[in-house]
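Peer 1: One predicted model, sequence on top.
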Amino acid sequence: MKLRTIILLGTSLIWTSFLLLALAGLTIYPGIDYFPFILIVSGIIFAGITVGWLNKILSLRLEKRNEIETSLETRTKEPERHNTRLQQEIAEHQSVENELIIHKEHLIKLTHYDNLTSLPNRVFFNEMLNKTINHASRHKKMMAILFIDLDRFKNINDAFGHPTGNLVLKEIADRLSATLRAGDVIARMGGDEFIILLNDIGHAKFASPVAEKILHSASLPITIGKNEFTLTASIGISVYPDDGTSLEDLQHNADIAMYKAKQAGSGIFQYYSKEMNLKAHEHIQMEVALRKAISNNEFVLYYQSKLNLKDGSIEGVEALVRWKNPDVGLITPSDFIPLAEETGLILQIGEWALREACQTNQAWQTEGYQPICIAVNLSAKQFQHPDIAELVKEILNESGMDPKYLELEITETAVMDDVESAIKKLNDIKKMGVQISVDDFGTGYTSISYLKKFPISGLKIDQSFIKDIPENQNNTAITSAVIALAHTLGMKVVAEGVETAEQLRYLSDNNCDIVQGYYLSRPLPEQKIILQFSKIEKNSKKRSIRKTD
């Protein structure tokens, strides 16, 4: 309203001014009649100015109206834009939340489940076990822990590679899971070890059927590609609350029982007992003492003579390791060799025994004794070492002993674990001139077809077959068959564990080549075994005396 008033006043003033100018002109120049002209001109000018102002007003009003409409439109669209932006933000937030949830689930899976088998892992199992212990404690329930270890699974990884081994583990995991009730928990502890929690079993003996099902399931053939595998498992069982009331005690005791099952021959299950714990402590103490014995050089060699049945001469001796413990005294191999095998200390002990035997035999020859062959046992772990042939060569070079006076005794198990590798190692050793024989023949699983491929010079019949001959017909039949087989393949036969005259007579009558055992001589220390040897000088003197006579 103000703008319109200003415009009207302005135009009125302008129009009035023109009229005044016109009247002034008439007054000054009365004779000139141009008033109408002035009116016309001023009218035109006024009309132009008025139109200009009106246009200006209209423009301003239109501009104002546009601003108002734009403002209204903006205000109208603002909630919609706001809602759209809000929806976008919500969607983005939801996406982030979903990613976080997925990431969280992935982290939980990584920290609580085994990647290979998809079973719970040690972390998850321990959480569940602790909760179950608390529940069992409140409600006076009984439960059992089954610690499972696959026997000789490492052989599959070594022979066929880890990808094949992983497929075997996945199959075993599926089978173990299928044997359990809905409320039980199974987890993979790592490697080829699994653990099972049996909830609310009512009585300790109820764990036995589950263990038997597991052993049966694990022993069924597994086919991976073109290969078929047959495994066994060893299971240790501990029961809450009899064998422990904490996670650590239950798992530890189940582990002890599992190792007891392995020592008993594998493929079985064992319940934990307190006696096992005592033996486990003794086991640990023995291992500490054994390591100390290696450092302090507490081992000695005893030698048992081997008699040639054809001419009655001493064919050679077998070197046997003894542990001369300063506190206990002399410890036989059966009391420490299994532990040495288990801990890997057999590699150091075996290397020492081989070096000591070669040096001693060379010393006997240097002292003038008739050269004889000395036999040394190679453990399975020693033989499986990739550099065993190089080690034998190195020790022979150090001692200076002729390789033909060394005989290495290897068990069937050692050569059959990896046949192709065994053949190569045996050939490398044979090329040096070293003799090789199979120890404890008949107790393993050597195939005759493979036996022909091995560069072996002799078979040693295990003493379990020599026992009770000739009374036991089965033993006599096996012994006769081994002798015939060895001779057919061009090998010597050694019978160990001969303890009676009847056994000696039977072996002699059945063409056994060499015998050893308590009937002939017990293992003796170096100072005593040399009394059974003869010196070359003495024999030569006797021959010269006979010629003179």
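Peer 2: Yes, it's here. Since this is a predicted model, take the numbers as computed values, not measurements.

Peer 1: Let me see the ranges of the strands in the stretch 351-500 of the chain.
Peer 2: All strands of the stretch 351-500 of the chain, identified by DSSP state E, counting those that start in this stretch, fall at 373-378, 406-411, 435-441, 458-461, 492-496.

Peer 1: Looking at these, which is nearest to Ala477?
Peer 2: With CB to CB as the measure, strand 458-461 is the member of the strands of the stretch 351-500 of the chain nearest Ala477 (12.3 Å). No exception for glycine: its C-beta is placed from N, CA and C like everyone else's.

Peer 1: Please report how far the most centrally placed residue in the chain lies from Ala280.
Peer 2: Nearest to the geometric centre of the chain sits Gly191, at 3.6 Å (CA atoms, centre = their mean). Note on Gly191: its distance to Ala280, by CB to CB, to the nearest Å, is 20 Å.

Peer 1: for Lys430, same thing?
Peer 2: Taken as CB to CB, the span from Lys430 to Ala280 is 42 Å.

Peer 1: so Leu347, which of the three states?
Peer 2: Put simply, Leu347 is helix when judged by DSSP: H, G, I helix; E, B strand; the rest coil.

Peer 1: any idea which strand is longest in this structure?
Peer 2: Ranked by residue count under DSSP state E, the longest strand found in the chain is strand 314-325.

Peer 1: one step back: turn the strands of the stretch 351-500 of the chain into TSV, including mean neighbour count, distance to His385 and mean pLDDT.
Peer 2: TSV is the format used below for the strands of the stretch 351-500 of the chain (neighbours: other CB atoms under 10 Å; distance: least, CB to CB, whole Å; pLDDT from 0 to 100):
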stretch	mean neighbour count	distance to His385	mean pLDDT
strand 373-378	23	9	95
strand 406-411	23	12	93
strand 435-441	22	16	89
strand 458-461	25	22	91
strand 492-496	25	25	93
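
Peer 1: So for Glu127, which of these sits nearest?
Peer 2: Closest among those, using CB to CB: strand 406-411, at 44.8 Å.

Peer 1: Got the phi and psi for Phe229?
Peer 2: Main-chain torsions, Phe229, degrees, to the nearest 10: phi -120, psi 140.

Peer 1: Which pLDDT value goes with it?
Peer 2: Phe229 is assigned a pLDDT of 92 by the prediction.

Peer 1: which ones are touching the nearest residue to it once chain neighbours are set aside?
Peer 2: Nearest non-adjacent residue to Phe229, counting by CB to CB, 6 or more residues apart in numbering: Ile222, 4.7 Å away. Residues near Ile222 by CB atoms under 8 Å, 6 or more residues apart in numbering: 168, 171-172, 228-231.

Peer 1: Phi, psi for Ile222 please.
Peer 2: Residue torsions, per degrees, to the nearest 10, at Ile222 are phi -120, psi 120.

Peer 1: Tell me how far it lies from Asp149.
Peer 2: From Ile222 over to Asp149 (counting by CB to CB), the distance is 17 Å.

Peer 1: and if you look at Pro386?
Peer 2: 26 Å.

Peer 1: before we move on, what about Glu420?
Peer 2: Counting by CB to CB, the gap from Glu420 to Asp149 is 27 Å.

Peer 1: So which of the two has more stuff around it?
Peer 2: Asp149 (21 against 9; other CB atoms under 10 Å).

Peer 1: where along the stretch 301-450 of the chain do the helices fall?
Peer 2: 333-343, 346-366, 380-384, 388-399, 412-416, 419-431, 448-451 (DSSP state H, counting those that start in this stretch).

Peer 1: Columns mean pLDDT and distance to Arg505 on top of those helices, output as JSON lines?
Peer 2: Formatted as JSON lines, the helices of the stretch 301-450 of the chain follow (pLDDT from 0 to 100; distance: least, CB to CB, whole Å):
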{"stretch": "helix 333-343", "mean pLDDT": "88", "distance to Arg505": "29"}
{"stretch": "helix 346-366", "mean pLDDT": "95", "distance to Arg505": "31"}
{"stretch": "helix 380-384", "mean pLDDT": "89", "distance to Arg505": "35"}
{"stretch": "helix 388-399", "mean pLDDT": "95", "distance to Arg505": "37"}
{"stretch": "helix 412-416", "mean pLDDT": "80", "distance to Arg505": "28"}
{"stretch": "helix 419-431", "mean pLDDT": "91", "distance to Arg505": "34"}
{"stretch": "helix 448-451", "mean pLDDT": "73", "distance to Arg505": "28"}
